[in-house]
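**Q** Pasted the sequence and its predicted model underneath.
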Amino acid sequence: MGSSRKKVFAAHGVKLGKVVLQQSKTYPVFYVDMPPSLSDFNNQGELRGLLADLAQANAYWSFSIADSAGSPRIDVVCDRKRQLVMETAVDGRKKAWTASEAEQHSEEGRDSFAAYVAGVSAQTVKLDVRAQGDLDGDGVKEKIVTYQERNYVVKTKGSVYAILGELVDPIAGIDHTNVKFTIQPLTPGKEPYIVVYAENEGEAKGFSVYQLIQGRVGLVKHNYPDATNRGERLLKDVDGDGVYDSMSIFEYDDLQQHVVTVYEPFNGTKPEAWKVAYRNETGSFVYPEAAEDVVHNWIEDRISTEYFGSEIGQLASTPQARTFPIEQYLNPNVIHSYGGDNGLSYETLRDVEDLKVIRAAMGEGEGTSVDFTLNRSEGKWRISAISAVQKQN
């Protein structure tokens with residue numbers, strides 16, 4: 001978890017026990033010890049402040065807070081695009097704890113910058129210029145400037161500066177540094193865009209794209225691993241069509257050492273596409289030798305069939321085995337291959353010359369288990385049937 005979220009809990013006197021990431025590691029559940037002042041849900045002001053600060057630190061991904069003392073669970077629904085807390089519920093009952101949009105988007109900082117440049121000659125005012133370029137085609141270069149850790153687009157009008165807008169940071173609250181500002185074309189038409197590149201100490205990379213439309217600045221696209229603050233999100237023309245693509249690179253710590261690159265044009269003109277590569281020694285799919293590894297590989301692939309469907313077709317010999325809904329029986333948040341060790345135990349129930357039955361179970365076999373029947377042909381084990389086994393009480 002990012003240090004900014006830890007700081008929020010500490011600032012409000014909340015002791016963090018653990019964090020459980022759900023929904024493909026994008027939905028955190030924070031298990032905490034609340035101080036008495038926050039355990040009283042009638043104290044709306046202080047509790048609302050905690051939730052608002054935590055929402056910002058969590059980049060406006062929705063989240064939940066569970067008090068280890070047994071107080072009701074708090075669920076917070078956020079709008080990441082608008083950077084707002086939209087709804088708060090306690091044990092499923094909605095609460096009117098959400099600040100208004102105006103309160104959540106204070107103009108205090110912008111007003112401070114406006115006062116700084118108001119009426120001052122552009123020849124004498126000192127600005128921290130990060131980039132400049134002609135955004136509206138009138139032959140005059142607009143400037144990207146930083147003031148009190150916020151970024152603005154300004155234009156010279158006569159002898160003074162006019163503020164065209166703020167580059168509102170869509171990942172505010174997540175530990176990162178905006179390392180580079182550019183004004184550059186991203187399409188064959190050479191239309192200029194503002195690009196802000198962000199990094200987090202070598203652990204994460206991402207970007208935000210803005211455009212000047214009718215004299216005002218608007219966010220077009222942003223891509224940053226803000227759920228984990230690890231990984232690469234790049235801006236690059238992947239398919240050579242002249243339009244820059246928003247790229248997300250996922251390195252799986254799974255049996256095949258997959259690397260999945262998901263990309264789509266930054267302006268949404270084409271649907272999402274992806275490429276699959278391998279970090280193993282051969283740089284390609286390696287068929288598992290052991291029957292247990294075939295099962296392990298199949299489970300990891302089945303959680304992301306859109307990427308690894310071709311592998312499933314090789315590992316399983318029947319339609320039933322290719323499409324068995326494993327996520328209904330083994331918790332997909334635990335076995336998701338992106339996290340590495342899938343937390344399963346394997347037991348061989350039957351082993352004859354060219355037939356094996358292997359049982360996969362969570363942990364020590366609590367709850368439902370799944371049995372895989374494998375047959376060996378031409379030296380390869382392939383899955384022919386899969387069935388769920390309910391634990392007998």
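**A** Looks like it arrived, so ask away. Numbers count the residues shown, from 1 in each chain.
**Q** So what are the structural domains in this structure, by residue number?
**A** 3-104, 106-166, 176-286, 302-389 (automatic domain parsing).
**Q** Any idea which of those domains gets closest to residue 294?
**A** Nearest to residue 294 among the domains of the chain is domain 302-389 (4.8 Å), distances taken as C-beta to C-beta. Where you see a C-beta, it was placed from the backbone N, CA and C, and this is true even at glycine.
**Q** Any idea how far apart the tips of the closest one sit?
**A** End-to-end distance of domain 302-389 (C-alpha to C-alpha, to the nearest Å): 19 Å.
**Q** again with stretch 262-272
**A** Taking C-alpha to C-alpha as the criterion, the two ends of stretch 262-272 lie 7 Å apart.
**Q** Touching it from outside, list them.
**A** Applying C-beta atoms under 8 Å, 6 or more residues apart in numbering, the contact partners of stretch 262-272 are 186-187, 209, 220-221, 235, 238-239, 243-248, 250, 273-275.
**Q** before we move on, the earlier item: reformat the domains of the chain as JSON lines; add mean neighbour count.
**A** Shown next, in JSON lines, are those (neighbours: other C-beta atoms under 10 Å):
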{"stretch": "domain 3-104", "mean neighbour count": "16"}
{"stretch": "domain 106-166", "mean neighbour count": "15"}
{"stretch": "domain 176-286", "mean neighbour count": "17"}
{"stretch": "domain 302-389", "mean neighbour count": "16"}
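**Q** closest one to residue 296 among those?
**A** domain 176-286 (5.7 Å).
**Q** Just the mean pLDDT for that closest one, thanks.
**A** The average pLDDT within domain 176-286 is 92.
**Q** Report the secondary structure state of residue 9.
**A** Secondary structure for residue 9, judged by DSSP: H, G, I helix; E, B strand; the rest coil, is helix.
**Q** In contact with it, which residues?
**A** Applying C-beta under 8 Å, 6+ apart, we find residue 9 in contact with 15-16, 30, 32, 54.
**Q** how about the helices in the stretch 251-393 of the chain?
**A** In the stretch 251-393 of the chain, the segments counted as helices under DSSP state H, counting those that start in this stretch are 291-303, 305-315, 319-323, 332-335.
**Q** where do the strands sit along the stretch 151-300 of the chain?
**A** With DSSP state E, counting those that start in this stretch as the criterion, the stretch 151-300 of the chain has strands at 160-166, 177-185, 192-200, 204-213, 216-223, 231-236, 245-251, 258-265, 273-278.
**Q** for the helices of the stretch 251-393 of the chain, which one sits closest to residue 216?
**A** helix 305-315 (37.8 Å).
**Q** Show me what the closest one is packed up against.
**A** strand 258-265, strand 273-278, helix 291-303, strand 380-389 (3 or more C-beta pairs under 8 Å, 6 or more residues apart in numbering; DSSP states H and E).
**Q** Could you name the helices and strands sitting against the second one?
**A** So the one you mean is strand 273-278. Using 3+ C-beta pairs under 8 Å, 6+ apart, strand 273-278 is in contact with strand 258-265, helix 305-315.
**Q** who's in contact with the nearest residue to residue 385 once chain neighbours are set aside?
**A** Computed as C-beta to C-beta, 6 or more residues apart in numbering, the closest residue to residue 385 that is not its neighbour in sequence is residue 373, at 4.2 Å. Residue 373 makes contacts with 355-357, 383-386, as judged by C-beta under 8 Å, 6+ apart.
**Q** Just confirm residue 8 contacts residue 51, I think it does.
**A** No - taking C-beta atoms under 8 Å as the definition, residue 8 is not a contact partner of residue 51, at 9.8 Å.
**Q** Distance check, the residue lying closest to residue 218 once chain neighbours are set aside against residue 223.
**A** Distances taken as C-beta to C-beta, 6+ apart place residue 211 nearest to residue 218, at 5.9 Å, with adjacent residues excluded. To residue 223, residue 211 is 16 Å away according to C-beta to C-beta, to the nearest Å.
**Q** Residue 251 reaches residue 279, doesn't it?
**A** Yes - counting by C-beta under 8 Å, residue 251 touches residue 279, with 7.0 Å between them.
**Q** who are the neighbours in contact with the closest residue to residue 80 other than its chain neighbours?
**A** In space, not counting the residues next to it along the chain, residue 80 is nearest to residue 60; the distance is 4.4 Å by C-beta to C-beta, 6+ apart. By C-beta under 8 Å, 6+ apart, the contact list for residue 60 reads 78-80, 83-85.
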